[in-house]
Structure formats: structure tokens, C-alpha cells
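Asker: okay, here's the prediction I keep looking at, along with the sequence it came from:
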2 protein chains.
Amino acid sequence: MYVHIFVASFGKSTPPIMKIEDEIKQPTFKDEYQKAHINLIYTTGWIQLRQAAAFREFDVTLPQYNILRILRGQHPKPATVNLLIERMLDKTSNASRIVDKLVAKNYATRTVCPSNRRAVDIHITEAGLELLHNMESVVSHQNTGLHNLTPEEAAQLSDLLDKIRD
Amino acid sequence: MYVHIFVASFGKSTPPIMKIEDEIKQPTFKDEYQKAHINLIYTTGWIQLRQAAAFREFDVTLPQYNILRILRGQHPKPATVNLLIERMLDKTSNASRIVDKLVAKNYATRTVCPSNRRAVDIHITEAGLELLHNMESVVSHQNTGLHNLTPEEAAQLSDLLDKIRD
DNA sequence: TACAAATATATGTACATACATTTAATGTTG
DNA sequence: CAACATTAAATGTATGTACATATATTTGTA
């Protein structure tokens, strides 16, 4: 339900490809750089809104989900806040407070690390593992639009993005 | 100063291109789709942090700057909140409260629209115009990484992104 | 004209981002 | 070993996002 509202607000897809200049009402751009820049930000927002909508029925946000996946990757070993930050896409976000939310929902536990009492050991719980399992089918079938590309095009996209950060 | 900390946290660029699998410590991906997906989110975050850092010295955030530019585009005609939402990249964000901040900083004024008292007329102030003018050189010289691409590659990137949203 | 629907904006809430600062524990070194 | 630096995490603050809901005004219509 939310999904449809959102997608509509981003401009509904119609048979011919919706170019960025049609999506936002800006007919021209200074150059291809400005156009690609705006398109990047717009398209990434578009993808993230769809993802967040898919997660809403599970009452988990995208950052919470991402941290749960890292915790599962470590399981049964513990993670620390530092390890989470290292592995997170957005390294400036606040892992500590996202873990708070997961602990409150009983998807993770937090205990003082015995060998280094400054650090905390964070474990995913059975409930957390079960949640990820239940989300699996929804998440894998969620169409983030990437599959509109061929594998070759996806690889090309990655190469272009790597160049940007060079 | 902030810039350097940030850029370093995202992985400092070194002569050979830093691929996404090196940036976040994940050696392999399920497929090219997952890789491109993560790369998109990571790279867009990378770009936006650089932009935000460049704006910080002017004490304006990215959304505030974007709205100021729309206001200048309308000047001397007024904008309404609705018009701002239409033109904004992130259409679900809260234009009303961003305008609050601009009014508080004296970069914009807000008056009840005489012909439709539900709406508000929002104008950029002289101080707002001057701010944009002062930011111009910094913003245009800020390297968002897009210029690491050729114009052809930038156009190719836009095409791939358009396909994703199709 | 009264009353419902639509419109334009504002406000409330939970969550997250982007920092700076604080607290506690551990390492280092003179 | 005491003093200082470093490290790990938590907390504080301002901002913004993503909604749901509220308020005021205008429009449409029975």
C-alpha cells in the first residue's frame, strides 16, 4: 500500500523509459556531469524508498536490517560496535543507537566483553535469526530495479561508480 | 579538516581505482546486481558527504541549499511549499521545516499568499542571494568525483540509472 | 447556502545522520 | 607506578526523513 504511494510520488513508470529530466521537472542540465549527479541521487533515493517500504511490514528499518545481517555473518561469534562500523555502508552513522533498537526488540543482546571491558559483545538472538529468515523471500523478490539491467550493464555501472570515487 | 576525516573513512583514493569490494570489507557479492546495488548506495553516500562538507563553512545544509536555489530560480516571483516539493529531488522530505530554517537565518521570507490564504509566498532575501553568490565558486570547484568520468561515460551512467527506474 | 471534499500547510512522532563531547578502560612511557 | 595518550562506546544536539494527523481555507455540490 505504502509502496504504491511512494512509487507514484517518484513518477510512475510507463512503457517508454522515464528519463531523469521527465522525473523532476527540469528540462535541461548544465552538462552531462550535473545530469548524472542528480540522477544518481534521485535513483538511489528511489531504490531506498522501495526497500524501506518492503521492510516496513517487518517493523525493521534498513539500517537495523543491515546490522542484523552483519551480526548473522558473525554468528555465533560476537560483533563489537567497532566491527559494525567497519562493515557498514554508511560509516558515519551511529551503530550504537541502532543496536539499542535491536536489543529493545529482542533481536540482539549486548554484554560487556570479558577480555576488554571497554568493548561490548553483540550477538544476534534466535528471534533475530528467525526474523532474517522470514524476511528472506520478501527481500530477495523485492524489485529494486537493478534487475532491469543485464549482468553486463550492472558490472558496467559498478565500474563507472568505482571511477567516480577514484 | 572535516573533509579529510570523512574521505579517509570512506577509503582514501590511491593510484589504482579503489573497487567497492575493497572499500567495504566484503570480498565477494552474490552477483553483479547485488554488487552494483551496494556500490550505488555507497557511492551516493560518498558524494553527499563531500558536498555536505563543502557547505559546512557556509552554515547551510544540502537540503537548505537546494531549496535556496529553487527560490532563486523563481525570484522575484514567490514560491509556495507545493512548488518546492514538486521541484525537490526527495519529494517526501519536509519542505515546510526546511523553509523554517532559512527564514530563521534570514535567507527567506514567508508571507500568507493574498490570493489564496491557505498558501504561503516564500521569497529569497538579499542575504540569501548573496549567500548563493558567495557559495558559487566553492560549489562549482567542489570535486564530487563525477568529473573523473568522460562526458560520454556520464551520459552512459544516466542511461543505466534511467533503466533501473523503468 | 450549508456541508462535504479537496487543497495548502503545519505539526507530531519515531528514526536516522553527522557530528562533538564525555566516560570508562586500557596502553605507554618517563 | 603515575601521568598521559589512546581506544571503545555512549550520549548530546541540531538537522533531516518518512510518515500520520491536524488546521485552516477554498471549492464543489446537493
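Answerer: Now that the structure is in, tell me what you want to look at.
Asker: is any residue of the longest helix anywhere in chain A near DNA strand C?
Answerer: In chain A, with assignment by DSSP state H, the single longest helix is helix A:32-56. No. Looking at helix A:32-56 against DNA strand C by Cβ under 7 Å from any atom of the strand, there are no contacts, and the closest approach is 9.1 Å. Placement of C-beta: from N, CA and C, glycine included.
Asker: show me which residues of that helix are buried.
Answerer: The neighbour-count check on helix A:32-56 (16 or more other Cβ atoms under 10 Å in any protein chain shown) flags A:32-33, A:35-55 as buried.
Asker: so how far is DNA strand C from the most centrally placed residue in chain A?
Answerer: Nearest to the mean C-alpha position of chain A, by Cα atoms, centre = their mean, lies residue A:62 at 5.2 Å. Distance, residue A:62 to DNA strand C, by Cβ to the nearest atom of the strand, to the nearest Å: 7 Å.
Asker: so that residue sits against residue A:54, correct?
Answerer: No. When contacts are counted by Cβ atoms under 8 Å, residue A:62 is not listed as touching residue A:54 (9.5 Å).
Asker: find residues that contact each of the two.
Answerer: Residues touching both residue A:62 and residue A:54 (Cβ atoms under 8 Å, 6 or more residues apart in numbering or on different chains): none.
Asker: extract the residue ranges of chain A that are flagged as low pLDDT.
Answerer: Low-confidence segments of chain A, defined by pLDDT under 70: A:1-16, A:24-27.
Asker: helices along that one, start to end?
Answerer: A:2-9, A:20-23, A:32-56, A:62-74, A:81-87, A:95-104, A:126-141, A:151-164.
Asker: between the ones you listed, which gets nearest to residue B:85?
Answerer: helix A:2-9 (9.3 Å; Cβ to Cβ).
Asker: residue A:113: how many residues sit nearby?
Answerer: 13 (other Cβ atoms under 10 Å in any protein chain shown).
Asker: which ones are touching it?
Answerer: Residue A:113 neighbours (Cβ under 8 Å, 6+ apart): A:78, A:80, A:119, A:120, A:121.
Asker: switch the cut-off to 6 Å
Answerer: Contacts for residue A:113 (Cβ atoms under 6 Å, 6 or more residues apart in numbering or on different chains) come out as A:119, A:121.
Asker: cool, thanks, signing off.
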